[in-house]
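Undergrad: next come a sequence and a model predicted from it.
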Amino acid sequence: MPLILFFSLFIISCGPKDADIKASVDKAIQVDNGMAGITSSVTDGVVTLSGECDSEASKAKCTDLAKSVKGVKSVINNCTVQMPVQVSPDDRLRQNLTDATKDHPGVTASVSDGVVTLTGNISRANLAKLMKSVNDLQPKKVQNQLTIK
Amino acid sequence: MSLKEKYKQLIDAATDSGMNVREQDNVLYINGEATNGATKDNLWNIYGQIDPDFRASDVVMDVNVNDTMAGTKVKVNTDKSNLNIRKGPGTDQPIVGKAAKDEMVTLISKSNDQWWLVRTDAGEEGYAYAEYLS
C-alpha cells in the first residue's frame, strides 16, 4: 500500500510537470517564423526538439529559449537546418527568360518579385519543354496563363 | 488537399532519386542533381500526370542533369533547325557559328546551367543553349 501511494504521488508530481514544461517551451520557441516548424516533447524535464529551422542561428536560439524555461534539465535539439529556397534575382530571371522563350515566339514572360508569369500561346507539344526551362531558372513561382493549343 | 497529398507520387519519386523536396509559402520546391536525363524526364512525366497543364503554380522543379563532363561529346537535339553558337552566354550575344541537328560537338565547360561552351569539329567555339545539348 505505501508503495502504491508512492507511485501515484510520483505520477501526479511528474506527469503534469512535463506537460507544463512542454507548454512553456512551445510558447517560448514560437517567437519568429524561423522556428514555426518545431515541435517539442518533454520527458522528466529533458526537452527534445524536432522539426526544421531556417538557420543554424535559429536552431541555437531554440536551444537557448528551451533551456531558459523553468524546470528544464537539458535540451536535445534534433532540428534540421533548412535554408530558405534560393530564388534568382528579377534581373537575372528576365535575362534568362529571354533566352528560354526565344524559340517559343507566341510566349511572353514577365517577372515580379521572383514570380514568373507566362502569357500568350503555346502548343501542347512544347509546353513541358518550356516549363522545364523556366523552372530551371530558380523562380519563386511560375504562373502559367498560356493558352494551350 | 495539401501539397504533400496532391503531389505524393512526385515527392516519393523525387526523394527516391535523391532530390531535395521542401515546401515554402504553399509552393513545393524540388531540386537537385540527377545522374541522367531519364530521371528528370520521369519526374516531369509524373508532374504532368498530376497537373497536365502545369497551371496550379504550386511546384517549382529545378532538376539539373549531371551526366555530361567537360571534354566529352554532346549531341545537338534541336527539333529541326541548326543550333546557334554564340560569342557569350545569352541570346543577345552575336552568333559565331552553327551546329546542325544531331551533330556531335565537344563540351568545353558549363558556363552555367543554361549556357555551355562548346566546340564543333569544324573548330567553331562558343556558347550554346544547354537545353539543346544532350
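TA: Looks like it arrived, so ask away. Residues are numbered from 1 along each chain as shown, chains lettered A, B, ... in the order given.
Undergrad: going forward, measure contacts between C-alpha atoms and count neighbours the same way
TA: Fine.
Undergrad: now do the same for residue 131: its pLDDT.
TA: Using chain A here. Model confidence at A:M131, given as pLDDT, is 97.
Undergrad: wrong chain, I was asking about chain B
TA: Note for B:E131: predicted pLDDT of 90.
Undergrad: B:G18 and chain A: what is the separation?
TA: According to CA to the nearest CA, to the nearest Å, B:G18 and chain A sit 16 Å apart.
Undergrad: so that residue, which state does it fall into?
TA: At B:G18 the chain is in coil, as set by DSSP: H, G, I helix; E, B strand; the rest coil.
Undergrad: spit out the contact partners of it.
TA: Listed by CA atoms under 8 Å, 6 or more residues apart in numbering or on different chains, the contact set of B:G18 reads B:G32, B:E33, B:A34.
Undergrad: for B:S17, same thing?
TA: B:S17 is in contact with B:A34, B:T39, counting by CA under 8 Å, 6+ apart.
Undergrad: same question for A:A66.
TA: The contact partners of A:A66, taken as CA under 8 Å, 6+ apart, are A:V25, A:A28, A:I29, A:V47, A:V72, A:V75.
Undergrad: same thing but at 7 Å, please
TA: Contacts for A:A66 (CA atoms under 7 Å, 6 or more residues apart in numbering or on different chains) come out as A:V25, A:A28, A:I29, A:V75.
Undergrad: over to B:A34?
TA: Applying CA under 7 Å, 6+ apart, one finds that B:A34 lies in contact with B:K40, B:V63, B:N64, B:V65, B:N66.
Undergrad: ok so, going back, among the contacts of B:G18, which lie within strands?
TA: Among those, the members falling in strands (DSSP state E) are B:G32, B:E33, B:A34.
Undergrad: distance of the last one relative to B:V63?
TA: So that's B:A34. Plainly put, B:A34 is 6 Å away from B:V63 if you go by CA to CA, to the nearest Å.
Undergrad: repeat for the first one
TA: Between B:G32 and B:V63 the distance is 5 Å, computed by CA to CA.
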